[in-house]
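Novice: next one to model:
(chains A and B)
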Amino acid sequence: MTDAGARVDAHAVGRRAIVPALVVALYLVVPLAFAGNLHLMSLVVASLTIGGIALAWALLGNLGGLVSFGHAAFFGVGSYASALLVMKAGWPIAAAIVAGGASAALAAVLVLPALRLRGPYFALAVLAYAHIFRIVATEWKSLTNGAGGIGSIPRFPVVLGYDFSGKTGAYWIVLSLVLAFAIVYRRVRYSDYGLALSAMHDSEEATRAVGVNSVLLKAAMLFLSAFMTGVMGAFNAHYIGFLEPDYAFSGLWTMLPIVAAIFGGYRTIAGPLFGAVVVYLVDQLVFKAVMPIGHQIVLGALLGAMILWSPEGLLPALANRLPRAGARPSRDA
Amino acid sequence: MTELVLQALYSGVLTGSSYALIALGLALVFGTMKIINLAHGELVLLGAYIAYTCESALGVNPLLAIPAAIVVVCIATALTYALVARIGRDRELNSLLLTYGVGVMLTNGALLLWKADIRSTRSAWLQEAFVMGPLYSMRSELLFFVVSVAIIAGLWWWLARTWAGRAVRAVASNREAAKLMGIDPHRVELASFVVAGLLAAFAGVAIYSFGVIQPSLGTSLTIKAFVITVLAGMGSVPGVLVGALLLGITESLTTTFLSSALQELAGMVLFLVVLFALPNGLFGTAWRRRVR
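Specialist: Next up, the predicted model:
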């Protein structure tokens, strides 16, 4: 334990200089460099949105040991909840976004019985749930206006004289959200809960035997993951300004984060974010230009190839190539 | 009123027979490999699109496209198996992600080749009404019901009576013991994938013959097959049959008495009720692996 702790500390010291520099660059350099190119900037915002979901998905997979094929459900619930709270109940946007996350976590309560199911069953049950939520959003016309969707959702307001409704404002918001998620993820992982969860990954039976309530821990990770995904959905609703069931609950909100997390390395914190930016930008800028429809065939192939040849993901694979003193086991990377 | 109910039950049984073909394929592969093929619905859809291509490009009746659909879908399932078999570790979860990726490829491949448009058969012969007393159906529905029953009977015979079928059951019940008896589990796994492909090809052509298809249909077919296996309690062939009929009937009763838009939701509600109230499914407990 002390050994592992010392290694983490040594690593943290190494990072202490790099991380702030990187954060400053992300906040200032990216907008300055791309602000003139609205299309590129909107792609960057979308890629970070997917990065946030990918991080939440990876948290559930890495800490909770659960693979979900239905995160679109949480994304959609978060986006509708936030938009409706602002439009029908007059909530301020910031509070509504948090409430959007909370609604998604609440929706995750419905998924709890599926926690009794192991591995493949849970994964598929959540896929079925995503389907249910999309149908409900389509049919509950009095609340959601059904397939017609809801338009002119209020955008981000002017704060301290800066109008956040533009691309750069949205970029700063989504970047802050994603970084906050990463910090929360990191804290959970190195907390006692993270230790218990990690032990659970090695042997669930043994961990239960020493008095850890594994179902409760898994449920907690599910709620946290759903909350983060819901917040991303809520952000996106106010950024895009328009919602319809087939968009808010689209399978893409499940598929893109999975490909991103697996590509970058779902047992790492940086991997899903890195994966989302690379995968989404390359998909939109290269593959979409070549094949206007059906271009995601490449992402399906990428997912399959990663699982077969590099299931740990790209970042851990790269880290293993670079010889480094005190290299940590890949699960911690 | 009684006539409406009878008609709904009848339609539900006819549709349920095609659902049974899909769910049996999923259950068969789960039996031998303990994995769920998330691309299964897309493979069914591939069969449907082969029928569409044969009809639109060559002008042949979708029924005559069955051999072509079988060849293409079985090759696709064999390729899927070849990929899944390469997975090194953590096969249970990695196979889900891999077959999910295959499903994404197939859906987008369908978008590329056949576009996003909704397609249905142009054959008037298949769509003609077939009236039996108070009950009505399309000719294609009844035809494929008979075909499905024959295939299910054939599958039952194969599993119960042939060496290969017994080998499949042996690997499903105890892989290690089956190995000791001289069974090559890899060949059995391949066989289960190919037979699942065969069932999927028939189901695909059936769906094209009496329904409408579009690239996004694959996922919802996979979900239907999964819901049926949850209803059944994974593993039993009779359970899958009852689950499939139950789903078909629930959907058609909803269409008759509520609205066709709620049809899919009704199946999902059924799924939720079973998941909450009877977590072991309607039949059997042996296969459900639980945490506690």
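Novice: max-length helix in the chain?
Specialist: If you meant another chain, say so; for now it's chain A. In chain A, assigned by DSSP state H, the helix with the most residues is helix A:214-240.
Novice: that was the other one, I meant chain B.
Specialist: Assigned via DSSP H, chain B shows its longest helix as helix B:2-33.
Novice: avg pLDDT for it?
Specialist: For helix B:2-33, the mean per-residue pLDDT is 91.
Novice: say whether chain A is contacted by whatever helix or strand comes next after that helix.
Specialist: Sequence order places helix B:40-53 as the next helix or strand after helix B:2-33, per DSSP states H and E. No. Using C-beta under 8 Å from any C-beta of the partner chain, helix B:40-53 stays clear of chain A, with a minimum separation of 10.0 Å. Every C-beta, even on glycine, is put in place using the N, C-alpha and C of the backbone.
Novice: before we move on, the earlier item: buried residues in the longest helix of chain B, which are they?
Specialist: Judged by neighbour count using 16 or more other C-beta atoms under 10 Å in any protein chain shown, the buried positions of helix B:2-33 are B:7-33.
Novice: returning to that earlier point: flag every buried residue along the longest helix of chain A.
Specialist: A:214, A:217-240.
Novice: chain B next: which of those residues are close?
Specialist: A:S214.
Novice: how about the residues of the stretch 101-250 of chain B that lie near chain A?
Specialist: B:101-112, B:115-116, B:216, B:219-220, B:222-223, B:226-227, B:230.
Novice: now do 7 Å
Specialist: B:101-102, B:104-105, B:108-109, B:111-112, B:219-220, B:223, B:226-227 (C-beta under 7 Å from any C-beta of the partner chain).
Novice: looking at the residues you listed, which two lie furthest apart in space?
Specialist: B:L112 and B:V227 (29.1 Å; C-beta to C-beta).
Novice: between those two, tell me which one has more neighbours.
Specialist: B:V227 (28 against 15; other C-beta atoms under 10 Å in any protein chain shown).
Novice: surely the more buried one is in contact with B:L247?
Specialist: Yes. Using C-beta atoms under 7 Å, B:V227 is in contact with B:L247, at 6.3 Å.
Novice: which neighbours do the two share?
Specialist: The contact sets of B:V227 and B:L247 overlap at B:G267 (C-beta atoms under 7 Å, 6 or more residues apart in numbering or on different chains).
Novice: name the residues of chain A found near chain B, please.
Specialist: Counting by C-beta under 7 Å from any C-beta, the residues of chain A that sit close to chain B are A:67, A:69, A:113-114, A:116, A:118-120, A:123-125, A:127-128, A:131-132, A:135, A:139, A:215, A:251, A:255, A:258, A:262, A:291, A:293-294, A:296-297, A:299-301, A:303-304, A:307-308, A:311.
Novice: now restrict those to buried residues only.
Specialist: Buried by 16+ other C-beta under 10 Å: A:67, A:69, A:114, A:116, A:118-120, A:123-125, A:127-128, A:131-132, A:135, A:251, A:255, A:258, A:262, A:294, A:296-297, A:299-300, A:303-304, A:307-308, A:311, out of the residues of chain A next to chain B.
Novice: among those, which ones are in strands?
Specialist: Per DSSP state E, strands hold no members of those.
Novice: and the pLDDT at B:P185?
Specialist: 85.
Novice: ignore the last one, A:A35
Specialist: So A:A35 comes in at 76 (pLDDT).
Novice: where does the chain dip in pLDDT?
Specialist: Using chain A here. Under the criterion pLDDT under 70, the flagged ranges of chain A are A:1-16, A:118-119, A:202-203, A:209-212, A:322-333.
Novice: the intended chain is chain B.
Specialist: Residues of chain B meeting the criterion pLDDT under 70: B:234-236, B:279-281, B:283-292.
Novice: tell me where it has helices.
Specialist: B:2-33, B:40-53, B:66-85, B:91-114, B:124-127, B:139-161, B:163-173, B:175-180, B:185-210, B:217-232, B:237-257, B:263-277.
Novice: residue nearest the centroid of the chain?
Specialist: As the question left the chain open, I've gone with chain A. The residue lying closest to the centre of chain A (C-alpha atoms, centre = their mean) is A:I53, at 1.6 Å.
Novice: apart from its chain neighbours, what residue comes closest to that residue?
Specialist: Once flanking residues are discounted, A:I53 sits nearest to A:P257: 4.1 Å by C-beta to C-beta, 6 or more residues apart in numbering or on different chains.
Novice: B:D117 too?
Specialist: B:Q214 (7.0 Å).
Novice: which residues are in contact with that neighbour?
Specialist: Contacts for B:Q214 (C-beta under 7 Å, 6+ apart) come out as B:A116, B:D117, B:I118.
Novice: since we're on the first one, how many residues are nearby?
Specialist: Other residues within reach of B:A116 by the criterion other C-beta under 10 Å amount to 11.
Novice: which residues does it contact?
Specialist: Applying C-beta under 7 Å, 6+ apart to B:A116 gives the contacts B:Q214, B:P215.
Novice: and the residue nearest to B:D117, how far from chain A?
Specialist: Distance from B:Q214 to chain A, counting by C-beta to the nearest C-beta, to the nearest Å: 13 Å.
Novice: what of B:F271?
Specialist: Distance, B:F271 to chain A, using C-beta to the nearest C-beta: 6 Å.
Novice: what helix or strand is A:R187 on?
Specialist: A:R187 belongs to helix A:167-189, assigned by DSSP H and E.
Novice: how close does B:G31 sit to B:E251?
Specialist: 26 Å (C-beta to C-beta, to the nearest Å).
Novice: what's the answer for A:L124, then?
Specialist: 19 Å.
Novice: likewise for A:V98?
Specialist: Distance, A:V98 to B:E251, by C-beta to C-beta: 39 Å.
Novice: ok, B:G204 next?
Specialist: Distance of B:G204 to B:E251, computed by C-beta to C-beta: 19 Å.
Novice: look at the two and report which has more neighbours.
Specialist: For B:G204 versus B:E251, neighbours defined as other C-beta under 10 Å are more numerous around B:G204 (33 against 25).
Novice: does that one touch B:A48 like I think?
Specialist: Yes. Using C-beta under 7 Å, B:G204 is in contact with B:A48, at 3.9 Å.
Novice: bridged to A:V159, which residues?
Specialist: Beta bridges link A:V159 to A:Y162 when assigned by DSSP bridges.
Novice: check which helix or strand A:L315 maps to.
Specialist: helix A:314-321.
Novice: which strands and helices sit next to that helix?
Specialist: Where contact means 3 or more C-beta pairs under 7 Å, 6 or more residues apart in numbering or on different chains; DSSP states H and E, helix A:314-321 is packed against helix A:252-264, helix A:270-282.
Novice: not counting sequence-adjacent ones, nearest residue to A:G304?
Specialist: Of all residues not flanking A:G304 in the chain, B:G101 sits nearest, at 3.9 Å (C-beta to C-beta, 6+ apart).
Novice: surely that neighbour meets A:M306?
Specialist: No. Counting by C-beta under 7 Å, B:G101 does not reach A:M306; the two are 8.4 Å apart.
Novice: following element in sequence after the longest helix of chain A, please.
Specialist: Where DSSP H and E defines the elements, the next helix or strand beyond helix A:214-240 is helix A:245-248.
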